[in-house]
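A.B. asks: From the sequence below, what's the structure:
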Amino acid sequence: MTEHLDALRASLAPYPWAYTVVVACALVVLAWLANWITQRVLLRGLRRLLATLPLGQGDQQVRLRVIPRLANVVPAVVLAAGVALVPELPALLVTVVRNVCFAFIILTVALAIAAALDLANEVYQRRPDAADKPIKGYLQLLKIIVFVVAAVLMVAALIDRSPVILLSGLGAMMAVLILVFQDTLLSLVASVTISSNDMVRVGDWIEMPSQNADGDVIDIALHTVKVQNWDKTITTIPTKKLISDSFKNWRGMSESGGRRIKRALHLDQNSVRFLGGDEQARLRRFRLLGDYLQRKDGELDAWNARLADHGREPVNQRRTTNLGTFRAYVEAYLRAHADIHDGMTLLVRQLPPGPTGLPLEIYCFTRTVEWGPYEAIQSDIFDHLLAILPEFGLQVFQQPGGADVRQLQGQAATRVAAATG
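C.D. replies: Next up is the predicted model:
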């Protein structure tokens, strides 16, 4: 081999630059050949090997992003090691080529580490508790550290200086770095706070009016939290906002197994009255009211018996009302309802009367937390209650509409015609 090189050098002796060009070209070809062998032989065999392993498609893609980046180091190493062997090259050019190769190697390794961190995140997300403790934000912070270190090493390699010299100058630049990375630092603190206090998980339904967010959390990263709203739009919330602004997390409702119904029937106060004997007898045919009416009659009889002579006047007696009976019916109806949670609060209460009538509020919880079935249960309950109100002699209060005004006008016109006729 040495004899061939000597013969080649002797033949090119009249052209001093030609031998240098030939060796340089040979070095480039050698680097290309090393790259070809690595890419076509080693990586192709690796792809076939991965295809036989029980890995997910995402794993194969990420791993095949890590390994090819590392494979790009091979031609750079060949050039960095072989450039000094090219004869009669200026020392400055050798240093520049070597430094550029070192910088390229550092960048390639940094990109490979970033891809490896992506692989770690994909593997971690398969864990059952991954949504409770996401690590994407921490991995993004590690990526920033890796690229910052890589940038320092690349600059040190390009200027052919020790990285210690550059790092020693970072102390004076700390204030500038804090100013530049203040959002990252705040987001890191927010991520640690959110994770340690278990404030938000992937899959939680959160409501944050200040950010126009109302939907499911689909991603938690270092700087942002993505929320898919119910209209399928995506709201991106800065992570630090989750510890500086208030928001509502509906996870407690989802985990409790019951969803609250809190709605009132507005009753016309003019329809509230005492029940007569015939009406009480008619209401006894309600299975849900039998025990209540019997217990109420005993309570009222005992009370009225203590009034002595004053109890002869109905005005001094306690009597059963249609509103109280209806309230008892609603409570019994809800307790017997198969879709109402019997282990949670159940109330049927009167709210202060107002211009819109007397609110009779129903406060209970369904056995399901799913939106569709919850709305169906709530609607069925109020459909039934609105339809059965006339059985108790009660009326729903509502503002007069156009049909009411026309009816009143027609009645007035009829009375005027009858009076003048």
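
A.B. asks: List of residues touching stretch 264-282?
C.D. replies: 283, 293, 319-323, 325, 351, 353, 356-362, 382, 385-386, 389, 393-398 (C-beta atoms under 8 Å, 6 or more residues apart in numbering). Glycine gets a C-beta too; all of them are placed from N, C-alpha and C.

A.B. asks: In PyMOL, select just the buried ones from those.
C.D. replies: Only the buried entries of these go into this PyMOL selection, using 16 or more other C-beta atoms under 10 Å:
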select buried, resi 283+293+320+322+323+325+357+358+359+360+362+385+389+393+394+397
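
A.B. asks: Which ones among the contacts of stretch 264-282 lie within helices?
C.D. replies: Leu283, Leu293, Asn322, Leu323, Thr325, Phe382, Leu385, Leu386 (DSSP state H).

A.B. asks: Next, give me the two most distant ones among those.
C.D. replies: Farthest pair in the ones in helices among the contacts of stretch 264-282 (C-beta to C-beta) is Leu293 and Phe382. Separation: 24.1 Å.

A.B. asks: What strand or helix carries Ala120?
C.D. replies: If you go by DSSP states H and E, Ala120 is part of helix 91-124.

A.B. asks: and that helix, average pLDDT?
C.D. replies: For helix 91-124, mean pLDDT is 80.

A.B. asks: Stretch 358-370 too?
C.D. replies: The pLDDT scores in stretch 358-370 average 94.

A.B. asks: when you give positions from now on, start the count at 41
C.D. replies: Fine by me, first position is 41 from now on; the one you just mentioned is stretch 398-410.

A.B. asks: Which residue is the nearest non-sequential neighbour of the residue most central in space within the chain?
C.D. replies: The chain has Val257 as the residue nearest its centroid, 0.6 Å off, counting by C-alpha atoms, centre = their mean. Among residues not flanking Val257 along the chain, Asp244 sits closest, at 4.9 Å (C-beta to C-beta, 6 or more residues apart in numbering).

A.B. asks: What about that neighbour, how many residues nearby?
C.D. replies: Using other C-beta atoms under 10 Å, Asp244 has 19 other residues around it.

A.B. asks: Validate this expectation: Ala368 resides in a strand.
C.D. replies: No - remark: Ala368 does not belong to a strand; assigned using DSSP: H, G, I helix; E, B strand; the rest coil, it is helix.

A.B. asks: show me the contacts for the closest residue to it other than its chain neighbours.
C.D. replies: Leaving aside its chain neighbours, Ala368 sits nearest to Tyr332 (4.4 Å; criterion: C-beta to C-beta, 6+ apart). Residues in contact with Tyr332 (C-beta under 8 Å, 6+ apart) are Thr365, Ala368, Tyr369, Ala372.

A.B. asks: Could you check how far the first one is from Lys336?
C.D. replies: Pointing back at Thr365 there. 8 Å (C-beta to C-beta, to the nearest Å).

A.B. asks: Could you do Pro430 as well?
C.D. replies: Pro430 is 21 Å from Lys336, by C-beta to C-beta.

A.B. asks: Pick out whichever of these two has more residues nearby.
C.D. replies: Looking at Pro430 and Lys336 with other C-beta under 10 Å, you find the greater number of neighbours at Lys336, namely 18 against 11.

A.B. asks: Which of the helices or strands spans the closest residue to His424 other than its chain neighbours?
C.D. replies: Closest residue to His424 apart from its sequence neighbours, by C-beta to C-beta, 6+ apart: Tyr373 at 7.4 Å. Here Tyr373, judged by DSSP H and E, is contained in helix 362-376.
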